[in-house]
Structure formats: structure tokens, C-alpha cells
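> Quick one: sequence plus predicted model below, questions after.
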Amino acid sequence: MPTLTIEPITRIEGHARITLQMNDAGEVEDAKLHITQLRGFERFCEGRPFPEMPSLTARTCGICPVSHLIASSKACDELMAVQIPPAAVRLRRVMNLAQLLQSHALSFFHLSSPDLLLGWDSDPSVRNVFGLMRENPQLARDGIRLRQIGQSIIEGLSGKRVHPAWIVPGGVQSPMTEVMRSEIQALLPEAMEIAERTYRLYRGVVKRFKDESEVFGNVPTLFMGLVDAKGNLEHYDGLLRIKDSEGNIIEQGVRADEYSEVIAEAVEAHSFVKSPYYRPMGYPHGLYRVGPLARLNIVERCGTPAADEALEEFRALSPGKPVSSSFHYHYARLVEMLFAVERLEQLTASNDILDRKVRARARSNKNRGVGISEAPRGTLIHDYTIDDEGRVTGVNLIVATGHNNLAMNRSVLQVARRYVQGPKVTEGMLNRIEAVVRCFDPCMSCASHEFGRMPLDVRVIGHDGSELQRVLRG
Amino acid sequence: MTSPTRVVTLRIDDREVSAREDETILQVARDNEIFIPTLCCLEGLSTWGACRLCLVEVSGSNKLLAACATRVAQDLEVKTNTPRILAYRRTILELLFSERNHVCSVCVANGECELQNLAQRCGVDHIRVSYRYPELSLDLSNDLFRLDPNRCILCTRCVRVCDEIEGAHTWDVMGRGIDCQVITDLKAPWGESKSCTSCGKCVHVCPTGALSQRGTAIAEVHHHRDFLPYLTQMRGERD
């Protein structure tokens, strides 16, 4: 039998390259984050029947497939021009929140907490989740358990932890049974305990990171996300709101089908990820951020007691203005964890969730459908056009990592300028560049198979274009 | 007066079994719970012998023979799981996967596909030839059903059920070799077919996700085939 070679192992989402442009004085002139893989979903989905789109596009990601299922199914609901049954909306919300919980847990506990709790300059061989287990076994256990709880809820509803096909155009495949509800409800008190314990711990240590908070992507940008009818935190439905860096609302309620009036996409030669920007401000000035930090900055309230209390404390980080430092994505993520558990409690408490009518059926009745939801990492847009037979003819996906692309580039530059002194790149500096990218929890970090370490390739390029130093990791 | 059917004895995989002389090796193997994989064969339809998955070694023949199309005989020695047979089976399955675009995880028939089941049972966890990935467009012109030629393995069950049971002969086969395709009404779009009665039998006998109902999402195909032996029996009695 011929030998099979799989090379490289981390095929998708796991690779990033950063280039630093130095001037004669040995200071960082420019920095770029290159995302070097091409997935091709927008092209190879063309020609498929639209009901296949949710599961096809869910394969974009193994961490947040539910987000793609939701945005895609909402776009398909639009194509069918149906209003899906209320119980289906509730069930989709439950699965979305369960995913938010497990994804935020992965980002915080597994990927970021080793930096935060073991130190930026600690020995890289122990600066990972295993080092965390030795240093703070309770926290490591909490992370693993919270992620398990989120995954268990997804599995309970759909039979699968990853890539459930359960969310479909028109609703969901099956209703929730009384037994399923009891099983989910039984998990929530422990989830709340973990979320609260972690939040308290982090609130206690966040002051230690004053230096990092100041330069980790602390740049003025717009913030975008969904809000509900009252302007509160929303992950499934609602309208897009955009606030500026001073906290003024500049777009109050953009409908899904109007998104292209406020968002345009630029293409840059150095990266396969497009660079969306706020259309009225042009490129590249119209940079904005999405995700937990942006969501908490744009909302009036969360809408649940513990999360609202935490939101007040979050806002105290930057009184009277949106919290600008991307470092505080971590904080925002923990507030959202509280919210997710509280909302899950509310949603499962009502008997409406057990309603057996969970699917609307129709053929395509429109030729364009746009679905928007909030993925753990931020706003996710699926925009489809189909022909009269229901065959997909055009796909535009704008994912959270794309929205944040310009802001991530600025953040890398800011950190590089602060920490790189002279051409010599140290491990601690490399780790901080890595960490600022990880604040955004971009998809490439969630697919990196090494705990707490993202494959990175840093090149230091001199004034004359020559490569002064190259550091490879992963 | 017709002569009574004789009973013969033969050996399958060193097990002595008895059978009526008009039975095929496949029928006898199944009666005795001996596994022989098939894809084109379906009870209630005529024998086609196209998929070659049921190849077995038979004493007295150097060639491998299709169990679905080979009658039993007295003292026959049949082998169903020699290394040679297992290698052939696996290669046939690999070639089927490479020929079209079978992506189980995002297929409407995921979990209900005979090709997928056989691949799992026969240990096909990867294929050793290049995928061809032909670009074949779907026929979505029918109001009720859809044809995805990317998932078709040319078993011709649809052709046979339409001809033999429904009597419409809407389906047929066009082209040769790698260009072979199932078509409706001399390659008219399915929705414009004059002969199709939209009975849906073809959809239920399809072993893969090539034929399915419109609006079906991933892994939502469910085949109902109980009607087939029943209809065959009823038609037989009427004749």
C-alpha cells in the first residue's frame, strides 16, 4: 500500500503570518497580518439546491458550525418567504446560546487564560492548558466542564456535538421533549456557578493588565452588532446597530437585506480574508469591530440580572465611552457567558419551548435571501441569490474574522510598535503579538490544534526589503 | 405437467447449504445470512449485474462471477470473502467514490445511503485514486423531486422500477463509459417529461442521494421500499 503523507496537518483556519516592516532606526513602520488559506465556499456552493446551504456552510468551522447553520437557515427562510414557528425560533436560540457558551469557554480557558494567568513571559513549554492544570486545576476543570455543558446541550437537541444538521430552512428538524428539557435544565446551575466563579476571578486580575490594555488594539473604531427591539443584547435576530468610538449611534436599525448599504468589502493582496468597512466612511477609515466587545458597547442592556450587573462593571473600565481596548474582549466574553446561561434558563423555563410545531415548509418564493446572526466571534452574514428552480447562483459570506480584519491589523501594529525594540524579536514579544490576535478569537486560532499556541510566522523586514529575522512557531 | 424444482446442496464459505436449483447464489447466501454486498440489486426488480460488488469465486471458473446473476448448482464451491474478492470490492467502491462527487457529510442521504454503508462495512476510509470531480449540474425542473447526477452510481434501479413496476419507462441511460448518465425522456428536463407520472418510486429505490424529494436538507432522505415486493406480487397475480 502506498504511504500517505498529510502535510501540513493544520490545513485550515490554523495559519497566520505576520510581517513587520522596520525603518532605519530599527522601529516598526508597518505590520500586516496575513491569513493564508483559501476555503472557496462562496464558489463551490454555487449550483447546489438552497436547502443544502445550512449544512454545507456549517462545514466552514468546527467550533461555530451552529452560527453558520443559523445565519444560513435564516437566509433560506427568507428565500422561502416564511415565518418559522415560534418554538423553532426558541430552539434555534437555545442551540445558539449553547454554542456561544462552549466557544467562549474554549477561547477563554483553553486558548487565552494561560497567558493571562501564567504570564506573557512565562516558559512557553508550560504556558498552555496543561500548565494551567498544574497551576490552577479548578480553573482548567471549569473550562473543560463549561465547554462540555455547551456541547452536551447541542448534542441533546440534535444527536451530534459538532455539525448537527438539525437546524434547517423553515425551522428545526425535531421538537424538544420534556426529557431533553430536564436534562438541559439540570446542567444550568453548574454552568452558572462556573460562569460566575470565572467572572469574579477575572474581574479581580484584570487590573494587572493595565499595560496590555492600553496597547492591545486600543484604537478608535466603530462597533457593530445585532440588537433587539429594545436595543438589548441579541444573538439570533434583530437589527444591526453601529456606534462610533465616542458612543454615538450612527446606524440605528439596519435590516438584514440592507446590510450592503452600510458594509462594503475591500480586497487586499496580502490576505485571503476580505476587509469589510463601513461604507459611508470609506476604506480604510471605516474600520469597525464586531464580537463580544462590540456587542456590549452597542447595547443598552443585556436583559438578564447577573449579566446586567457585570455589564455595569465592564462599562466602568471606560466611563461614558465605549470600551476601546481589544484586550477587553476577554472581559466581554465572560459577561456574555453569564448572559448565555441566564437566557438558557429563561428559554427552557417556558412550556412554549415544547411546542411540537417546529418547521414551516415552502419552496423558494424569492430570489435573494440574507440571514444575519451573532456568532461567538461577531456578526455573521449569509447572502444568497438563487434561480427560479432554487439553485444557488451567488453566495456572499461575511464572517466575524473578516469584519475584524482591519482592526486586527491595526492591533498587531500597535502591539508591535510598543514591544518591538530593535530588530531582535524575543519570545515574549512574539507571544504578545499572538495574544492580541487571540483577543479577537478569530477562526484561525480556534482551529489551531495546539493548546494556547497558534502557528505563527513573524518576519522582520528591513528598510531595503531584506528579511532581517524570521521566527517560526507551530 | 412441469417437473418439480430440484433441491441442490452446495458449499458457501465452507458451509454446506441447500437451495432450490432456480435460485441465485446471492439469494441462497442471504437466506443463510452470509454477507455479499450489492448496490444495483433490489428485490422486486429484474437482475442487472452492473455494480459487480457481488462478485464471488466459484469452483470450476477462473473468472469471478456475479452472485446476483449466477444460479446455484449441485456441489458448487463458492467463496465470498477471499483476499482477492475483498480487494476487488474495495477497489470497486473506491472507483465509485472517485467517479462522481460523493461528499457524505453534506449529502441529503447521509446516514441512509447504501454506498456509504458499504464503504464503512468494507473499510474504505480513503481512496487510492484521484477524484475526478466532474461538474454535473442538477436537474431541479421537477416540482416534487430532484436529480443530482453527482451522487449517481448508475445502478439503474430508477430505470428498472420505472419500466417494470410503474410501466412509464421515463428513465433511461445515455452515453457510454465515463460519460454515462441517467436521463428522463430522451434527456428532456425532468419537469418537462411527458411520460413521468411523478409517482416517486425511482426516488425511493435510489441507493444514494442522487434522487430525492425537493426541499430535502442534509441527512433527511428516508427510503420507503415496502411497496416494491408487494406491487411485484400483485402485478404477478394479475398477469
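That came in fine, so what should we check first?

> so A:E374 sits in a helix?
No. Under DSSP: H, G, I helix; E, B strand; the rest coil, A:E374 falls outside any helix and is assigned strand.

> Look up how far chain B lies from it.
23 Å (C-beta to the nearest C-beta, to the nearest Å). Quick note: C-beta positions are derived from backbone N, CA and C, even for glycine.

> which ones are touching that residue?
Taking C-beta atoms under 8 Å, 6 or more residues apart in numbering or on different chains as the contact definition, A:E374 lies against A:S67, A:G225, A:L226, A:E234, A:H235, A:Y236, A:R295, A:L380.

> Give me the spatial nearest neighbour of the first one, chain neighbours excluded.
Across the structure, with C-beta to C-beta, 6 or more residues apart in numbering or on different chains as the measure, the residue nearest A:S67 apart from its sequence neighbours is A:A375 (3.5 Å).

> sorry, back to before: would you list the buried entries among the contacts of A:E374?
For these, a burial check counting by 16 or more other C-beta atoms under 10 Å in any protein chain shown picks out A:S67, A:G225, A:L226, A:E234, A:H235, A:Y236, A:R295, A:L380.

> and the residue nearest to A:S67, what are its bridge partners?
A:G378 (DSSP bridges).

> burial of it, as a residue count?
27 (other C-beta atoms under 10 Å in any protein chain shown).

> Check the one 4 residues further on too.
When counting by other C-beta under 10 Å, one arrives at 28 neighbours for A:T379.

> I'd like the mean pLDDT over stretch A:216-229, please.
Taken as a whole, stretch A:216-229 has an average pLDDT of 96.

> closest to chain B among the buried ones among the contacts of A:E374?
Nearest to chain B out of the buried ones among the contacts of A:E374 is A:S67 (C-beta to the nearest C-beta; 16.6 Å).

> helix or strand for the closest one, which one?
Here A:S67, judged by DSSP states H and E, is contained in helix A:65-80.

> now that helix: mean pLDDT?
Averaging pLDDT along helix A:65-80 yields 97.

> Give me the angle between the following helix or strand past it and helix A:65-80.
Moving toward the C-terminus from helix A:65-80, the next helix or strand (DSSP H and E) is helix A:86-105. Going by axes from the mean of the first three to the mean of the last three C-alpha atoms, to 10 degrees, helix A:86-105 is angled at 150 degrees with respect to helix A:65-80.

> can you tell me if helix A:86-105 touches chain B.
No. Applying C-beta under 8 Å from any C-beta of the partner chain, one finds helix A:86-105 separated from chain B by no less than 13.5 Å.

> now the chain, which segments are flagged as low pLDDT?
This is for chain A. The model of chain A has pLDDT under 70 over residues A:1-15, A:36-37, A:422-425, A:444-463, A:465, A:471-474.

> Can you look at chain B instead?
B:1-3.

> For chain B, what lies in contact range of chain A?
Neighbours of chain A within chain B, by C-beta under 8 Å from any C-beta: B:105-106, B:108, B:110, B:126, B:128, B:135, B:137-138, B:140-141, B:146, B:214-220.

> Of those, grab the buried ones for PyMOL.
Applying 16+ other C-beta under 10 Å to these, the buried members can be selected in PyMOL as follows:
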select buried, chain B and resi 106+108+110+138+140+141+146+214+215+216+217+218+219+220
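
> List the ones among the residues of chain B next to chain A that fall in strands.
B:R146 (DSSP state E).

> Name all residues that make contact with the residue nearest to the spatial centre of chain A.
Geometric centre of chain A, nearest residue: A:R377, 1.1 Å, by C-alpha atoms, centre = their mean. Neighbour list for A:R377: A:C64, A:S103, A:V290, A:G291, A:V399, A:A400, A:T401, A:N404, A:F440, A:D441, A:P442, A:C443 [criterion: C-beta under 8 Å, 6+ apart].
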